[in-house]
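> This is a predicted model, with the sequence first.
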Amino acid sequence: MKIQLLEKKHDKASFDSETPLLDNYISKQASQDVKKHLTAVYVLPDQTDKVIGYYTLSSSSIPRQDMPEDLIKKFPPNYTALPVVLLGRLAVDKANKGNGYGSHLLVDAMERTLELSIQLGILALIVDPLDQKAADFYKKYGFITLPGTGKMFISIETIRKSL
């Protein structure tokens with residue numbers, strides 16, 4: 001199955017990840033955000049174009065002081081905000097959980113971020129996990145918690161080494 005940008009042909013109305021925030025986003029808000037160039041929405045459709053999983057990517061930055069001390073030292077002090085890509089949402093329909101689709105979506109997001117980093121200054125991919133289960137999922141892929149923020153990140157260098 002191929003991950004692709006969200007299009008009108010994709011059936012997202014019945015998507016149910018058992019997380020209303022994520023379900024409402026894909027069914028009601030995602031298309032509007034794409035039209036307004038606020039985010040890119042990538043979907044994993046089945047053979048009938050029903051969305052079985054999705055994720056979003058957008059540009060973002062994080063305040064310098066939110067980064068771990070060992071990383072802050074590597075950057076000039078005039079950078080008060082550091083460029084990152086935000087993995088805003090990632091979800092899999094409940095009927096397809098346990099089949100590795102979440103991992104497939106995350107690896108795809110990491111690969112796209114790595115590709116972007118060749119053309120654009122990007123320090124890391126960041127996420128803001130909804131709960132501990134999500135945080136544990138990201139941790140398996142090398143994401144590190146940003147102290148005091150609840151966010152997690154994986155550096156471009158770590159992505160490059162892991163893919």
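That came in fine, so what should we check first?
> buried residues in the lowest-mean-pLDDT helix or strand in the chain?
The helix or strand of the chain with the lowest confidence, counting by mean pLDDT, DSSP states H and E, is helix 69-72 at a mean of 80. Across helix 69-72, burial judged by 16 or more other Cβ atoms under 10 Å covers L71. (C-beta placed from N, C-alpha, C; glycine too.)
> Any idea how far that helix is from the middle of the chain?
Taking Cα atoms, centre = their mean, to the nearest Å, one finds helix 69-72 lying 23 Å from the centre of the chain it belongs to.
> go on, stretch 128-140?
For stretch 128-140 - counting by Cα atoms, centre = their mean - the centre lies 12 Å from the chain centre.
> Report the buried residues of that stretch.
For stretch 128-140, using 16+ other Cβ under 10 Å, the buried residues are 129, 134-135, 137-138.
> which residues touch H10?
Residues near H10 by Cβ atoms under 8 Å, 6 or more residues apart in numbering: 43, 45, 49-51.
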